[in-house]
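> Just a sequence and a predicted model for now, questions to come.
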Amino acid sequence: MSTIAQNSPEEGKGAPGAAAAEPEKAGSQTATAEPSSLERMARLRQLVRKDGMDAEAAANEVGVDPIIAQLWLRLPDDLWPAPQAAGATSGQSAGPALPTSAPTSGLRRVLTARIPSPAYDRLRAGEAPLLEGALNALETGLTLPLPEVAPGGWRFTRRPLALPVPAADYTGVLRLAQEHFDSDPREAAGWLIARGMGMALPLPTKDELAGLPALRQTASTAAQPVPAPRFIVPPRRRPEPRAPLPADDSAPNGDELRQRREAVGISQRDLAAASGLSRGLVAEVERGRRRHVLTRLRLAETLASIAKQSGKQLVTAQ
């Protein structure tokens, strides 16, 4: 009886702990079973666009804010996430793992494809636009069966072309690049476009892939080291020496210029037009506010020329 009495408190203490562990395990299971945002978007689209439910009611049922639901519903059809495969939730992966740069369904990724020159020339000569023809050739190349690995497919020069590749095609290009092109999607896309244009190209060999960087540059440029950029300061130009100004007393002052202008019988406006100056500058010179020697000499020479043509004699200071 004593042993039973001693063991009963220990059992009573352990029972609450076990009961507390069970809710924690249940909570973790419900947390992991919570739907993701993509699943909620798909469920919201199903309720509103196919079942005809009100947007606010569908948002409450899905468990999202009604404003977020309105933003989701305004997305175009090509931006909605694609339905997940049946084996995606069970942890089974189909094919090799793709990089994180792969776009989601409906989106496009700009890919610079390195297209062989013969295929690029055919695209330029085709009736369809260049980008449209390249995308059609890429889709055609993805549907063709893969040939065998053989040398000779890298003998053509390549031309770069940026393409907005859809998500499905971009995923196929990534898989092909990982399997046969040393994880280079640019070369894989160019190879697929050439295949779609009718060129019978084999898959590249490992030796060709290993020597691909050497084919992109010549041997002379590869051996030379790249010089460090240098910042050369251009030499400072010395200012050209100016001719010395004539003496200040070699030109008449403002009063003398006014007297000469009145003797010739022209106005300040006519003198300004004849000398190529403004009327205000002529007035400032006559008042003595502007005294530059070259300006005064120019006005004096203009007055002398006008007086010579009219046969009048200028008044000069004694």
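Ah, there it is. These numbers were taken from a predicted model, which means no experiment stands behind them. Numbers count the residues shown, from 1 in each chain.

> C-alpha only now, for contacts and for neighbours.
Noted.

> Please identify the helix or strand for N60.
helix 55-62 (DSSP states H and E).

> which other helices and strands contact that helix?
Counting contacts by 3 or more CA pairs under 8 Å, 6 or more residues apart in numbering; DSSP states H and E, helix 55-62 is packed against helix 37-45, helix 66-73.

> How many residues are close by V62?
Neighbourhood size, V62 [other CA atoms under 10 Å]: 19.

> ok, it to V173 distance?
According to CA to CA, to the nearest Å, V62 and V173 sit 36 Å apart.

> Buried residues in the helix holding N60, which are they?
Going by neighbour count (16 or more other CA atoms under 10 Å), the buried part of helix 55-62 is A55, E56, A58, A59, V62.

> do stretch 297-304 as well
L297, L299, A300, T302, L303, A304.

> now these in a markdown table, with pLDDT?
Listed next are these as a markdown table, based on pLDDT from 0 to 100:
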| residue | pLDDT |
| --- | --- |
| L297 | 91 |
| L299 | 91 |
| A300 | 91 |
| T302 | 91 |
| L303 | 90 |
| A304 | 89 |
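
> shaky segments in the stretch 101-250 of the chain?
101-107, 211-224, 226, 229-231 (pLDDT under 70).

> chain center to stretch 294-314, what's the gap?
On the basis of CA atoms, centre = their mean, to the nearest Å, stretch 294-314 sits 66 Å off its chain's mean C-alpha point.

> Enumerate residues external to it that contact any of its residues.
Outside stretch 294-314, the residues that touch it by CA atoms under 8 Å, 6 or more residues apart in numbering are 245-246, 250-254, 257, 260-261, 263-264, 271, 274-275, 285.

> Surely S183 touches V173?
No: using CA atoms under 8 Å, S183 makes no contact with V173, being 9.7 Å away.

> And the two? Which one has more around it.
More crowded of S183 and V173, by other CA under 10 Å: V173, with 27 against 16.

> Wasn't that one part of a helix?
Yes: assessed by DSSP: H, G, I helix; E, B strand; the rest coil, V173 belongs to a helix.

> which residues touch it?
Contacts for V173 (CA under 8 Å, 6+ apart) come out as L142, P185, A188, A189.

> Look up how far G196 lies from it.
In terms of CA to CA, V173 sits 13 Å off from G196.

> likewise D207?
Remark: distance between D207 and G196 (CA to CA) = 25 Å.

> higher neighbour count, the two?
Of the pair D207 and G196, G196 is the one with more neighbours under other CA under 10 Å, namely 23 against 9.

> Next, the more buried one: phi, psi?
phi -70, psi -20 (degrees, to the nearest 10).

> Confirm for me that it is in contact with L135.
No: at 9.5 Å, G196 and L135 do not qualify as touching, with contact defined as CA under 8 Å.

> tell me the SS of the residue most central in space within the chain?
With distances taken as CA atoms, centre = their mean, V110 lies nearest the centre of the chain, 11.4 Å away. With three-state DSSP as the basis, V110 sits in strand.

> ok, it - contacts?
Contacts of V110 (CA under 8 Å, 6+ apart): A162, L163, P164, V165.

> For ChimeraX, write the select line for the buried members of these.
Applying 16+ other CA under 10 Å to the contacts of V110, the buried members can be selected in ChimeraX as follows:
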select :163,165
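
> of all the contacts of V110, which two lie farthest apart?
Across those, no pair lies farther apart than A162 and V165, at 9.1 Å, counting by CA to CA.

> Need the residues touching each of these two.
Jointly contacting A162 and V165 under the rule CA under 8 Å, 6+ apart are V110, L111.

> Quick one, grab the pLDDT at H292.
With respect to pLDDT, H292 has a value of 90.

> contacting residues for it?
Counting by CA under 8 Å, 6+ apart, H292 makes contact with nothing.

> do the same with A274
Contacts of A274 (CA under 8 Å, 6+ apart): T302.

> Go through the buried residues of stretch 297-304 and flag which are in helices.
Secondary structure assignment by DSSP state H places L297, L299, A300, T302, L303, A304 of those in helices.

> Can you list phi and psi of the closest residue to R158 other than its chain neighbours for me?
Leaving aside its sequence neighbours, R158 sits nearest to P116 (CA to CA, 6 or more residues apart in numbering; 4.3 Å). Note on P116: its backbone torsions stand at phi -60, psi 150 [degrees, to the nearest 10].

> what about P116, neighbour count?
When counting by other CA under 10 Å, one arrives at 22 neighbours for P116.

> Confirm for me that it is in contact with R159.
Yes: with contacts counted by CA under 8 Å, P116 reaches R159, the gap being 6.2 Å.

> Strand partners (parallel or antiparallel) of the helix or strand containing A162?
If you go by DSSP H and E, A162 is part of strand 158-166. Its sheet considered, strand 158-166 pairs with strand 108-116 (antiparallel) by DSSP bridges.
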